[in-house]
Structures are given as C-alpha cells and as structure tokens.
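Colleague: This is a predicted model, with the sequence first.
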Protein chains: 2
Amino acid sequence: MEDGISSGGKPTINDIARLAGVSKKTVSRVINRSPLLNEETRRRVEDIIRSIGFVPNPQARALALRRNFLIGLVHDNPNAQMVLGMQQALLSTLRGTEFELIVRPVDRGSASLVSDVRAFLERQRLHGVMLLPPISENDSLAALCGQLGCRYVRMGSAMLDTPEQMVASNDREAVRQAVNYLIGLGHRRIGLVTGPQGFRSAFERRSGFAEALAAAGLALDPQIVVEGTYRFESGLAGGRQLLSAAAPPTAIFASNDEMAAGVLHAARERGLDVPGDLSIIGFDDTAIAAHLWPPLTTVRWPIQAMGRAAAAKLLGSDGADAQPALFPSELIIRASAGPPAR
Amino acid sequence: MEDGISSGGKPTINDIARLAGVSKKTVSRVINRSPLLNEETRRRVEDIIRSIGFVPNPQARALALRRNFLIGLVHDNPNAQMVLGMQQALLSTLRGTEFELIVRPVDRGSASLVSDVRAFLERQRLHGVMLLPPISENDSLAALCGQLGCRYVRMGSAMLDTPEQMVASNDREAVRQAVNYLIGLGHRRIGLVTGPQGFRSAFERRSGFAEALAAAGLALDPQIVVEGTYRFESGLAGGRQLLSAAAPPTAIFASNDEMAAGVLHAARERGLDVPGDLSIIGFDDTAIAAHLWPPLTTVRWPIQAMGRAAAAKLLGSDGADAQPALFPSELIIRASAGPPAR
DNA sequence: TTGTAAGCGTTATCAG
DNA sequence: CTGATAACGCTTACAA
C-alpha cells in the first residue's frame, strides 16, 4: 500500500505529497499558485492532483487561513425579486470557483443590527460580503466590514462609497428619463407615488422626478404627490388619492412596480382606461411588470451585470478593478404609458 | 497577564480553560452539552464563557467534527417566489442557532448533476440539505445524500420519501378542490393548461383536474387541454389556443399563476371579460396573483410552514419527529372566477 | 526552489 | 467525571 490513498476517506494533501514525492508544503504551493515553484514540479503535482481527483478541504483551509471561502449576502430587503436576482448574479460568478454563497437576512429595525452583523462576520470569517439596499446605505455597517478586514461591496441607488466597494444604479437619472418620456408624450400634470422616507432609492427617484419637471418648466404640485411604502397596498391607496384629487393627473410615476400595480388597480376601480385616461410608469422591471395588463412601462436596472461585477470585486481576482461601479438603467417602454386622451 | 485573553484575536477554548482552571476538553464538553459533567463545573465554565463572550470557532469545529454547521439549499427552480419563500422559512428557523444557510443552484439538465451535488456535499460537509422541486424528485440525489451521511429533506407535490425526509403538499387534492369550485359555480366546460412533462407537480395537478371532472361526470376534452412550461408565455399561447377552440371553455385552470397571468392576457386580447366570459384559476398564490386584475383565484400552499418544518427536520433537534410531512393547500378565492355568463 | 516544524481551534481517545 | 495527547488537513514561518 505504499502509494495508495490513506485509509478510508478522501485524499488529502499528504497523499498527494507522497505520491508526487514532494513535501506537503510544495503541494500547498501548487494549490495556492505560488509563483516560486519549479515549473516541472508544478506540472507533476498538478497531474497527480487531477488524476486522484484531490480537492483541498475547505474547512482545514479556513482554519489555517483564518478566512473562509464564503461570500455573504446580507440584506433586509422588501424586494424579493431583487434579492433573488442578486443572488443569481453572484452565484453565476461564484460558480466554478471554490467560493460558496451564504445568505444572511437581518433586521434593519433592530437596535442590534450592527452587532449582529459583527458577530456573523467574526464567526464565519467571510471572504467578503455583499450589502443590499436598504442596509447598504448604513455607513456603520460598511465601516464595520472595513474594520474587520472583510471585503465588501454595497449596492445602492447612488454612489455611497468608493468605486471599488460600490455597484450603483443611477436612479435619479433614470427617473428623469422616464418623466421626460411622459412629458414628451404630452403630459403636463404628472402624479408621483414616492417610496418610504429613509430609503435612499426613494430620495433619488423623487429627486429625479422633481428635476425633470423643473427642467421642463412644470410645477410640482404637492396635491398629486403621495408617499408610499413600496408595497402594493400603498400604491393602491396612493392611486385612489391621486385620482380623486380636484385636478387629477393624466400620468403617474410610481417609485416601484409593485406600487405601480396598485395604481393600476385604483385606475381600474374608477373604470379608467390605461393608458388612455391615465398613463402609469413603474420602476424595477420586476416579473410582474410584463405580466400586468396593460404591460407596464418601467425602468429596468441591470441587476445581473451589477451582481456579476460585485462578485468580481468581492473575489478580488484579476480585473476586479476593471469592473464598473455605475450601471445605467434603461426605460422599458411597454403599453401602460401613452399620449393623454384630452 | 496570567488570566488575560491570549494575544490579539478572539478568545479561544484555551483561554476559557485557563480562566476556569479546567482542561480544554472539559470546556469542549460544556460547549457540546456532554451529559457526563459535574453540574458545578459546567456552571463555572458557562459563566466564564458568557462573561468573556466566547464563541467557538466554527471552522475549527468543522475540521475536527468533519461536519460543517451549514444547511444547504439545493435547487434548480423556475419559481423565484418559491425559492425565496423557502429560503426565508428555513432562515427563520435557523436564526438563533449556530447554523447558516448556503444556497446552491444546480442545473437539472446537466449530465453531471449528481456528481456536481456529490462534490458539493463532500466538499462542504453540510449538516443537511434541502432539496426543492423539481430536483427533489430525483431519487438518485436523495440516495446520494443518504449514502454520504448527509441529512436531507425533499419538498414535493406528493409523498416521495419517508415522512422524516419529506415536506409535501397535496397538489392533487388541492386542484380537485379548485375544479370542484368551478363546477360548483356552474362551469361544465373547463380548460386546462398543464405544467411541463416530467414535473411531478404537473402530473399531480393534472391528475387532480382529471379526477374532479370524472367525479362530476364531466368529460375531459383533449381539445381544451394544452401543455405549458410554467412560464408566462406558454400560458399566453395556451390561452390563445384554448380560446380559439371550436367550443371554447368557460373556465380555465392554469397549473401555476404565471401561466394563469398569460391566460388572462389572452382573454384580454380577445376583449373577453374575466370572470364574466372566462373564469381563471391559478396555482401557487405568488405575489403576482393578488396584483393582477381581476385578482386571481388560486391555490396557496403553506410554504412557510413547510420550510420551518423542513428546517426542524434537518436540524434534527427535539421535536423533529413531531413535524408534519404533509401540508394541506388552500383555495384562495378572489375575483377571477365566477359563474359563467351564459 | 523546496522542506521541516509549528501552529490554526476544536474534538476524540484513552487513561486516570 | 476529568485531563493529557494526538488528531483534523492545511498554511505560515524559517531554514536549507
């Protein structure tokens, strides 16, 4: 049994070392792509590794390196679609690497948020974490990561950090475009359902809305602005309110698709034709958007591209710096917005 | 520095041992709730652990135990809502334990599916895995888990395994109820959009459909049965086909909500009133269902309860056996189904 | 360029 | 009941 595999379990670095006639440290160097290694030695060891089907034990590596091969996805997100989209994007980049994804929902309302995350990071010794909005907007969380020596990337609606640790959409600009589109269709009285206060995305979208109106010389009538929660019900309530205003809008921008769906319901309740009597634009291009009737004109942000870039930044592999930090959104024109009937 | 914490890093089991004046093995026993331990010793060690804020290093534990404190979620799922719902449910049970969730999408079409999963399980040495449909229907995968000594729980539309390793809905029964509801409303000609062949859920739902018709003495006319893919587009196409049949149905059961949304579009295209001219029932009660117009009557299965039960089974803690394996679904009556107009 | 010895922080073995 | 001592599989000094 001189050159066999050690008893029972999977082959270890020792087996490879013995078979290759080198020390385990050399095998370790091969695994870790150390540059100071005889090219021939490397080939020989690599051949054996391949033929045996040896895979280094991640637990042992984690212990020795004091660092796990795990990427964390930390979020407290009201938008299931976004979480899942990001997850898919991250995983598509992680696939084929030795990294795995570990998902960690947190409670942004909790007083212990920061200490919870700290405990999580310290325990798991993650290679890096992805922070999704809205907790990505929490600077103490980012500071914590830095302090713990854990890489991080924040996703947000605006640049909140250095480009190396950001993937950002430009919500303000995207909403400007959407509103300009409505103005171009002939709308002069445009209502707004905002997102909840305290969300940066809500702020950015509202700002873009206001800027577009201002640029077109249109007034922002507070009578047709209502705050929502990003949930369907608030869109429904907001829509009812706007449509029962003394001078109702001919178009409504809802700060996300779910609320836009609510506005659409409100329009239906009043027997309004969309887009004939009321144009509606949403934001996010979630699955629901294309499935509504009429299909919803909305803003799509490239979550797949953002997620992949984020993963690349987190892995810190070659070309991580080449990854963009700002990702333009796109107005997806469907049937829910059109020229005003009157 | 006699009784201080060892330099730099976090406290280890050694620090606790020294402070408590016991061996590290004793501390280990306390951590692992060994029964053969002097009660006073235990208290003393526990006090120190608490006061120091010691948390055992999971990487070291994983190495020594050859078993990670991780639960895997393995899926290849077309239904984002389900994946996310299951994730939330699992996490809500894992929260507060030492376990973390690691998400692993796989490709069910791949020839290397089983070996991919094997590699994953062997590498990560998971405590347990949750298998979501449709790959949960793959018996070789389940066998693999058993063989690797990895706990597993499968989610499915029918009992595919022992109750200890199953959380199942009863899709057949649920669809029977849904179709009975349509029959009760007065429908006699009911169309069906099935799920794709090879999916157990599609089979069960179709069976339930057929059984309900048979029980009511109604014929199952193949002219108004069409196979879908569980995607919106196939629902749209299927709806168009059914509605252009020589004798179109007055009601359609779509095997999931996404296809039901497609059927709804098809009805709108023809200017049909729903539910006046056509009743529609879906399955899943995904987010979209309540947001469609009219809100969709559909079948809801208790994914949260299933996920929590699954997590309990995976952890194998007290009461794991008390967890149910079969979870009844519920018909959610909204506005998309009503009495036929004629 | 390669090897030796000493960890990383925990648990298992097997005496006391 | 408790404690030395040796794993677990890999990496980082530090030599050679």
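Modeller: Received the coordinates, thanks. Residues are numbered from 1 along each chain as shown, chains lettered A, B, ... in the order given.

Colleague: What residues does the residue nearest to the spatial centre of chain A make contact with?
Modeller: Closest residue to the average C-alpha location of chain A: A:Met86 at 4.6 Å, with Cα atoms, centre = their mean. By Cβ atoms under 8 Å, 6 or more residues apart in numbering or on different chains, the contact set of A:Met86 is A:73, A:75, A:130, A:132, A:155, A:303, A:306-307, A:310. From N, CA and C alone the C-beta is placed, and that goes for glycine too.

Colleague: Could you list which of the residues you listed belong to strands?
Modeller: A:73, A:75, A:130, A:155 (DSSP state E).

Colleague: can you put these in TSV and add pLDDT?
Modeller: Shown next, in TSV, are the ones in strands among the contacts of A:Met86 (pLDDT from 0 to 100):
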residue	pLDDT
A:Leu73	96
A:His75	93
A:Met130	97
A:Met155	97
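
Colleague: if I've got this straight, A:Arg18 is in a helix?
Modeller: Yes: assessed with DSSP: H, G, I helix; E, B strand; the rest coil, A:Arg18 lies in a helix.

Colleague: quick one: pLDDT of it?
Modeller: You'll see A:Arg18 listed with a pLDDT of 88.

Colleague: From A:Phe199, how far off is the closest residue to DNA strand D within the stretch 151-300 of chain A?
Modeller: Taking Cβ to the nearest atom of the strand, DNA strand D has its nearest neighbour within the stretch 151-300 of chain A at A:Arg151, 16.1 Å off. Counting by Cβ to Cβ, to the nearest Å, the gap from A:Arg151 to A:Phe199 is 25 Å.

Colleague: ok, now which ones touch A:Glu164?
Modeller: A:313, A:320-321, A:325.

Colleague: Which one of these is nearest to B:Asp171?
Modeller: Ranked by distance to B:Asp171 (Cβ to Cβ), those are led by A:Lys313 at 42.5 Å.

Colleague: List the residues that contact the closest one.
Modeller: Here A:Lys313 is in contact with A:151, A:153, A:164-165, A:167, A:320, A:323 (Cβ under 8 Å, 6+ apart).

Colleague: same thing with A:Ile252?
Modeller: A:190-193, A:239, A:242, A:260, A:263, A:278-281.

Colleague: Got the phi and psi for it?
Modeller: phi -130, psi 130 (degrees, to the nearest 10).

Colleague: that older thread, among the contacts of A:Glu164, who's most crowded?
Modeller: Greatest neighbour count in the contacts of A:Glu164, by other Cβ atoms under 10 Å in any protein chain shown, goes to A:Lys313: 25 neighbours.

Colleague: Confirm A:Arg172 sits in a helix?
Modeller: Yes: assigned with three-state DSSP, A:Arg172 falls within a helix.

Colleague: Domain map for chain A?
Modeller: As recorded under automatic domain parsing, the domains making up chain A are A:13-56, A:65-169+A:303-328, A:171-301.

Colleague: which outside residues touch stretch A:72-82?
Modeller: Under Cβ under 8 Å, 6+ apart, the answer for stretch A:72-82 is A:83, A:86-87, A:90, A:101-108, A:117, A:120-121, A:124, A:126, A:128-135, A:141, A:230-231, A:256, A:284, A:286-287, A:303, B:80-81, B:84, B:287.

Colleague: Try it again at 7 Å.
Modeller: A:83, A:86-87, A:90, A:101-108, A:117, A:124, A:126, A:129-132, A:134-135, A:230, A:286-287, A:303, B:80-81, B:84 (Cβ atoms under 7 Å, 6 or more residues apart in numbering or on different chains).
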